[in-house]
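Visitor: this one's structure only:
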C-alpha cells in the first residue's frame, strides 16, 4: 500500500515538473505582405533574443504566414529579411504564456510611407496622418532631407544658370564672358565633364583672337581644361580629337599625334576621321611623309573617306618626276587616288582640282559629271574635322 502511495506521489510530482517546464516556453507567429500587398512566400524571419543570447529562424509559407513554437520566455528583436536584406524590425517583443503572440509585417504600408516621406521631402509639406505615423528619428531625417534638397535645388539652379550663360556667350563669340561663366560653374561642380570641355573650347577659340604670349597663355588654359575633362572621362574619343586639334594649334605635334591615336583606338568606326586630322596637322607643318602614313591609315580605316584619298593623291603627286620632254610621270597609285575621290565625291570641293591633277598626268577622268558651281580647290592649310 505504501509503495502505491509513493508511486502516486512520484507520478504527481513528475507531472508538476513537466507542466512547469512546458510553461516556460512560448510561441510567436505572424503574416508578411510584400510591397504589392500580397502574401510574401519564403521571407526569412529572424528572432534574436536580447536578455539571454539566442537566435532562431523560420520562413514564411505560401500564404505569407510564419510560426515558431518552443521559444524561451524573454525579449526578442524580430527581423524580416528578404533576399538577404533586412526590410523591417520589430524590437523588444516580449513573449508570453498561452496563445502565440502575433508579429506581422506589411511592406506595402512601408512602401506607401516611404513614398509619402519622399514626397514630403520634395514638397516640404507633411500631412497630419504622416506626422502621426512617423517616429522622432524619421521626422528629424525628413527635416534634414528637406533642407538638403532645398540647398541642392538652389545650387543646381545657380549651376545651370552659369553653364547656360557660358554656352550663350560661346555661341556669340563673347569668349571672356563665356570663360568667366564656365569658371563659376566649375567652381560649383568640378566633376561635370561638359563644363570643362566647353571651357576648353572657349579658351582655344579666344586664343584664335590673340597673338604671341597672350595666345600661348589662352591655349595653355584650354589644354589644362581638356586635361581635366579627360581625367573625368578618359574614354571620350571625340574629346581626345578636339584636344589634339588644340595641341596642334600650340605646335605640340607629337602630343597631338598621341591624342589622335587614342581617339582612333577608342572609336574604330570614326578612326578614318581621326587619322585624317592627324594627316592634316602633319601636312600643315610640312611633315609630308608622316602625313602620308596618316592618310593611308584613314583610308584603311574607312575606304570611302573621299578627302583622305584626295590628300594621299596630293602626296603621291609630289613624288612625280618630269621627263626630258616635259611630261609628268606620276608614281604608282596617284591616278587611282584622284579617281577614287571623284568616284566618291564627283561634286566635292576638290573635284575640279582632282580632275586637273589627272589631266596633268595624262590620265582620263572616268566621269563626265561636272559641277560649274563647284568651288575652286583651296590651297594652303588643310582643314581638320571635328
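Guide: Yep, it's here. Remember, predicted model here, so these are calculated numbers, not experimental data.
Visitor: in terms of contact, does residue 218 touch residue 200 like I think?
Guide: No - at 10.6 Å, residue 218 and residue 200 do not qualify as touching, with contact defined as Cβ atoms under 8 Å. (Each C-beta comes from the backbone N, C-alpha and C, glycine too.)
Visitor: what separates residue 332 from residue 319, distance-wise?
Guide: Distance, residue 332 to residue 319, by Cβ to Cβ, to the nearest Å: 10 Å.
Visitor: oh, I was asking about residue 176
Guide: For residue 176, the distance to residue 319 - Cβ to Cβ - is 47 Å.
Visitor: Between the two, which has more neighbouring residues?
Guide: Taking other Cβ atoms under 10 Å, residue 176 and residue 319 do not tie; residue 319 has more neighbours (14 against 11).
Visitor: Please look at that one and residue 331 and confirm they touch.
Guide: Yes - Residue 319 is in contact with residue 331 according to Cβ under 8 Å; the separation is 4.5 Å.
Visitor: Quick check: which element contains residue 86?
Guide: Assigned by DSSP states H and E, residue 86 belongs to strand 85-94.
Visitor: Could you list the residues in contact with that strand?
Guide: 28, 50, 74-81, 101, 103, 105, 107, 110 (Cβ atoms under 8 Å, 6 or more residues apart in numbering).
Visitor: Please indicate which of those are buried?
Guide: 28, 76, 78, 79, 80, 81, 101, 103, 105, 107 (16 or more other Cβ atoms under 10 Å).
Visitor: Among these, which ones are in strands?
Guide: 28, 76, 78, 79, 80, 81, 101, 105 (DSSP state E).
Visitor: could I get these as CSV with distance to residue 343 and pLDDT?
Guide: Shown next, in CSV, are those (distance: Cβ to Cβ, whole Å; pLDDT from 0 to 100):
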residue, distance to residue 343, pLDDT
28, 84, 95
76, 83, 95
78, 79, 96
79, 74, 95
80, 72, 95
81, 69, 94
101, 87, 92
105, 73, 94
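Visitor: So between residue 218 and residue 200, which is more surrounded?
Guide: Between residue 218 and residue 200, residue 200 has the larger neighbour count (other Cβ under 10 Å), namely 25 against 22.
Visitor: gap between that one and residue 193?
Guide: 11 Å.
Visitor: now residue 336
Guide: Taken as Cβ to Cβ, the span from residue 336 to residue 193 is 43 Å.
Visitor: Give me the distance from the helix or strand hosting residue 215 to the chain's centre.
Guide: Assigned by DSSP H and E, residue 215 belongs to helix 212-232. Computed by Cα atoms, centre = their mean, to the nearest Å, the separation of helix 212-232 from the middle of its chain amounts to 24 Å.
Visitor: now what about it, what contacts it?
Guide: Under Cβ under 8 Å, 6+ apart, the answer for helix 212-232 is 190-193, 196-197, 199-204, 206-208, 210, 236, 239-240, 242-243, 246-247, 249-250.
Visitor: Just the mean pLDDT for that helix, thanks.
Guide: Taken as a whole, helix 212-232 carries a mean pLDDT of 95.
Visitor: Buried ones in that helix, by neighbour count?
Guide: 215, 218, 219, 221, 222, 223, 225, 226, 228, 229, 230, 232.
Visitor: Tell me the pLDDT of the nearest residue to residue 306 once chain neighbours are set aside.
Guide: Spatial nearest neighbour of residue 306, chain neighbours left out: residue 344 (3.8 Å); criterion: Cβ to Cβ, 6 or more residues apart in numbering. The score at residue 344 is 95. That number is its pLDDT.
Visitor: right, and residue 344 touches residue 309 too?
Guide: Yes - counting by Cβ under 8 Å, residue 309 is a contact partner of residue 344 at 7.0 Å.
Visitor: more crowded one of those two?
Guide: residue 309 (25 against 16).
Visitor: what's the helix or strand where the more buried one lies packed up against?
Guide: Here residue 309, judged by DSSP H and E, is contained in helix 306-317. Counting contacts by 3 or more Cβ pairs under 8 Å, 6 or more residues apart in numbering; DSSP states H and E, helix 306-317 is packed against helix 271-284, helix 288-301, helix 334-344, helix 351-360.
Visitor: Of the ones you listed, which stretch is the most buried?
Guide: Ranked by mean neighbour count under mean count of other Cβ atoms under 10 Å, these are led by helix 271-284, which reaches a mean of 25.
Visitor: For residue 165, grab the count of nearby residues.
Guide: Count around residue 165 with other Cβ under 10 Å applied: 18.
Visitor: Report the separation between it and residue 224.
Guide: 21 Å.
Visitor: same check, this time on residue 342
Guide: For residue 342, the distance to residue 224 - Cβ to Cβ - is 44 Å.
Visitor: what stretches of the stretch 201-350 of the chain score poorly on pLDDT?
Guide: The stretch 201-350 of the chain contains no residues with pLDDT under 70.
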